[in-house]
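Participant: show me the folded form of this:
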Amino acid sequence: MKKILITGGAGFIGSHVVRWFVNAYSDYQIINLDKLTYAGNLANLAEIENRNNYSFVKGDITDSTFINKLFLDEKPDAVIHLAAESHVDRSISNPSEFVMTNVVGTVNLLNAAKEYWRDDYSNKRFYHVSTDEVYGTLGEKGMFTEKTAYDPHSPYSASKASSDHFVRAYADTYGLNTVISNCSNNYGSHHFPEKLIPLAINNIKNNKPVPVYGKGENIRDWLWVEDHARAIDVIFHNAKSGETYNIGGHNEWKNIDLIRLLCKIMDQKLGRESGTSEKLIAFVTDRAGHDLRYAIDSTKLQRELGWTPSLQFEEGLEKTVDWYLSNEEWLSNVTSGNYQRYYEEQYSLR
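Facilitator: From the prediction side, this is the model:
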């Protein structure tokens, strides 16, 4: 039985990846390692928590002693590394936390893998999941490819860029079997509502202002999270050692156009008069160093490994809305306490 250690498996993307692997590979043992910070939620994994091929370990990747013992005890054959601080606004408020988790935590995992797999790296794999934000920002034309030079602009993207470099350095220096993927913005179910789409859904449902940075002109390429989990599966099993793949949804949207579409869908789902929810849009002071446009070219992944996105954005967004409206208890549980205080500080309306 192959043992795969998935870090950050109680978070948004991580929980989708854990569920995918547990359901798809009954002959694999999936070990979910998560610190259970504000965005980690074991309720995301309720449907598979009693499966024979799944186990959960609570722990912190910044604790090297813990990580070394975990490798010694569990003896994983592979790592799919998703654990990360990921919200740009939080990185601006507290960059040191992002350095510790995203850089030091990644190096701790690399060190453990290097030590405990040293007898045969070829039959092991360290898969590092990263972001398109490491590439910086685009103008009106062009797309990020795997050869685009790194140019991070926020503490978050700088920390992820650093972790990417360390993964490649361990492959080149020590011969570790590594792969990296850089994805565009994900959306879908189980997303903590500090990010644009779930935040807007929650606020519209509760008739609260929907904060939009600047004039809403920033453009993002949106990737259905289940398509991302499927891409990770394909890359994990089929990519050659040392390769990097970009994963994108081919769905570029201006933030303001996305929010207007979301308002339209919410009006239909909630039985409101058309245009009601759009009145909740409230423009707020733009984020410092806010990248204008991201767009991923995933041609390499499609050509070499045969992956393509399954949904267009409009269909995926409607599925996302349906999930949040059908899971009000989940949403209520994650939007109380500390999150509310953070929300009030972060999105003070002008």
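Participant: now the strands: where do they sit in the stretch 201-350 of the chain?
Facilitator: Applying DSSP state E, counting those that start in this stretch to the stretch 201-350 of the chain gives strands spanning 210-213, 219-224, 244-247, 252-254, 281-284.
Participant: looking at the ones you listed, which is closest to K160?
Facilitator: Distance to K160, taken as C-beta to C-beta, is lowest for strand 244-247 among the strands of the stretch 201-350 of the chain, at 13.1 Å. Every C-beta, even on glycine, is put in place using the N, C-alpha and C of the backbone.
Participant: for that closest one, give the mean pLDDT please.
Facilitator: On average, the pLDDT along strand 244-247 is 98.
Participant: for that strand, output the C-alpha coordinates as CSV.
Facilitator: Taking Å, rounded to 0.1, in the frame of the first residue of the first chain, the C-alpha atoms of strand 244-247 are listed here in CSV:
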residue,chain,number,x,y,z
THR,A,244,6.7,22.1,-13.5
TYR,A,245,3.1,22.5,-14.7
ASN,A,246,0.7,25.5,-14.8
ILE,A,247,-2.9,24.8,-14.0
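Participant: what packs against that strand?
Facilitator: Secondary-structure packing of strand 244-247 (3 or more C-beta pairs under 8 Å, 6 or more residues apart in numbering; DSSP states H and E): strand 178-183, helix 225-238, helix 299-305.
Participant: which outside residues touch the helix or strand following the first one?
Facilitator: Pointing back at strand 178-183 there. Sequence order places strand 185-187 as the next helix or strand after strand 178-183, per DSSP states H and E. The contact list for strand 185-187, computed with C-beta atoms under 8 Å, 6 or more residues apart in numbering, reads 12-13, 197, 220-225, 228, 294, 316-317, 320.
Participant: the spatially closest residue to K124 that is not a sequence neighbour: how many residues sit nearby?
Facilitator: In space, and not counting its chain neighbours, K124 is closest to W117: 4.3 Å by C-beta to C-beta, 6 or more residues apart in numbering. By the criterion of other C-beta atoms under 10 Å, W117 has 23 neighbours.
Participant: I'd say W117 and R125 touch.
Facilitator: No. Here W117 does not reach R125: they are 9.3 Å apart, not a contact under C-beta atoms under 8 Å.
Participant: hey, which helix is longest across this protein?
Facilitator: Scanning the chain for the helix with the most residues, using DSSP state H, yields helix 155-174.
Participant: buried ones in it?
Facilitator: Neighbour counts using 16 or more other C-beta atoms under 10 Å place 155-164, 166-168, 170-171 of helix 155-174 among the buried residues.
Participant: repeat that for stretch 77-94.
Facilitator: 77-92.
Participant: now do stretch 108-127
Facilitator: Buried, per 16+ other C-beta under 10 Å, within stretch 108-127: 108-114, 116-117, 121, 124-127.
Participant: now go through the residues you listed and say which are in strands.
Facilitator: Secondary structure from DSSP state E places 125-127 of the buried residues of stretch 108-127 in strands.
Participant: quick check, nearest of these to F56?
Facilitator: Nearest member of these to F56, counting by C-beta to C-beta, is Y127, at 19.5 Å.
Participant: ok, which stretches of the stretch 251-350 of the chain are helices?
Facilitator: Per DSSP state H, counting those that start in this stretch, the stretch 251-350 of the chain carries helices over the ranges 255-270, 299-305, 313-326, 328-334, 338-346.
Participant: okay, now the domains of the protein?
Facilitator: As given by automatic domain parsing, the domain ranges for the chain are 2-187+222-247, 196-219+252-289+312-342.
Participant: deepest of the ones you listed, which one?
Facilitator: Using mean count of other C-beta atoms under 10 Å, the stretch among the domains of the chain with the greatest mean number of neighbours is domain 2-187+222-247 (a mean of 19).
Participant: low pLDDT regions in the stretch 251-350 of the chain?
Facilitator: For the stretch 251-350 of the chain, applying pLDDT under 70 flags the ranges 337-344, 346-350.
Participant: 50 instead, please
Facilitator: 350 (pLDDT under 50).
Participant: doesn't Y294 make contact with D132?
Facilitator: Yes. Counting by C-beta under 8 Å, Y294 is a contact partner of D132 at 5.1 Å.
Participant: now tell me what touches stretch 54-64 from outside.
Facilitator: Stretch 54-64 is contacted by residues 7, 9-10, 18, 22, 29-36, 42, 45, 48-49, 66-67, 70, 74, 83, 100-101, 104-106, 108-109, 111-112 when judged by C-beta under 8 Å, 6+ apart.
Participant: which of these fall in strands?
Facilitator: Using DSSP E, the contacts of stretch 54-64 in strands are 7, 29-34.
Participant: that's a strand at S26, yeah?
Facilitator: No. Counting by DSSP: H, G, I helix; E, B strand; the rest coil, one finds S26 to be coil, located in no strand.
Participant: mind listing what it touches?
Facilitator: Residues near S26 by C-beta under 8 Å, 6+ apart: N53.
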